[in-house]
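Asker: One predicted model, sequence on top.
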Amino acid sequence: VQLQASGGGLVQAGGSLRLSCAASGRTFSSYDMGWFRQAPGKERDFVATISWSGSSTRYADSVKGRFTVSRDNAKNMVYLQMNSLKPEDTAVYYCAAGAYGSSVGNYGPWGQGTLVTVSS
């Protein structure tokens, strides 16, 4: 499966963005999917994960209650709705296919990231 994230941009604190991840390949619906982010000079961190069916989700504590992950298997798409954005959410966001969980090592392949910048 090949992945491409999009939807990033510049937004003011308190604003919202919706990231999309387009997947190619017939096996997309069999993968759990994850969103991660990487700020400059920092490691790649877990943001959210969703099971192959969409029935289970998990979030990092830092985004819980503000971000929502969803998927549409018919369209081969995964989404990350981000509300109440904070400057500390600024990062390159990546989607990835793999096994349900919060570890970077659970996932691969990775999509090309999309930059989210939140101004104060």
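Answerer: Received it, and whenever you're ready, just let me know what you need.

Asker: And residue 73, how far from residue 35?
Answerer: Relative to residue 35, residue 73 is positioned 17 Å away (CB to CB, to the nearest Å). From N, CA and C alone the C-beta is placed, and that goes for glycine too.

Asker: let me fix that: residue 119
Answerer: To residue 35, residue 119 is 21 Å away according to CB to CB.

Asker: In terms of neighbours, single out the busier of those two.
Answerer: residue 35 (26 against 11; other CB atoms under 10 Å).

Asker: Give me the nearest residue to that one, chain neighbours excluded.
Answerer: Nearest residue to residue 35 in three dimensions, chain neighbours excluded: residue 47, at 4.3 Å (CB to CB, 6 or more residues apart in numbering).

Asker: And the one you found, how close does it get to residue 66?
Answerer: Distance from residue 47 to residue 66, by CB to CB: 11 Å.

Asker: Equivalent analysis for residue 75, please.
Answerer: 24 Å.

Asker: same thing with residue 29?
Answerer: Remark: distance between residue 29 and residue 66 (CB to CB) = 27 Å.

Asker: Over to residue 111?
Answerer: Distance of residue 111 to residue 66, given as CB to CB: 22 Å.

Asker: is it true that residue 29 lies in a helix?
Answerer: Yes - per DSSP: H, G, I helix; E, B strand; the rest coil, residue 29 lies within a helix segment.

Asker: mind listing what residue 37 touches?
Answerer: 44, 45, 47, 89, 91, 92, 93, 94, 116 (CB atoms under 8 Å, 6 or more residues apart in numbering).

Asker: didn't residue 111 look like it was pressed against residue 21?
Answerer: Yes - Residue 111 lies in contact with residue 21 (CB atoms under 8 Å); the separation is 5.9 Å.

Asker: Which one of residue 75 and residue 66 is surrounded by more residues?
Answerer: Using other CB under 10 Å, the more surrounded residue of residue 75 and residue 66 is residue 66, with 15 against 12.

Asker: List the residues that contact the more buried one.
Answerer: Contact analysis of residue 66 by CB under 8 Å, 6+ apart lists 82, 83, 84, 85.
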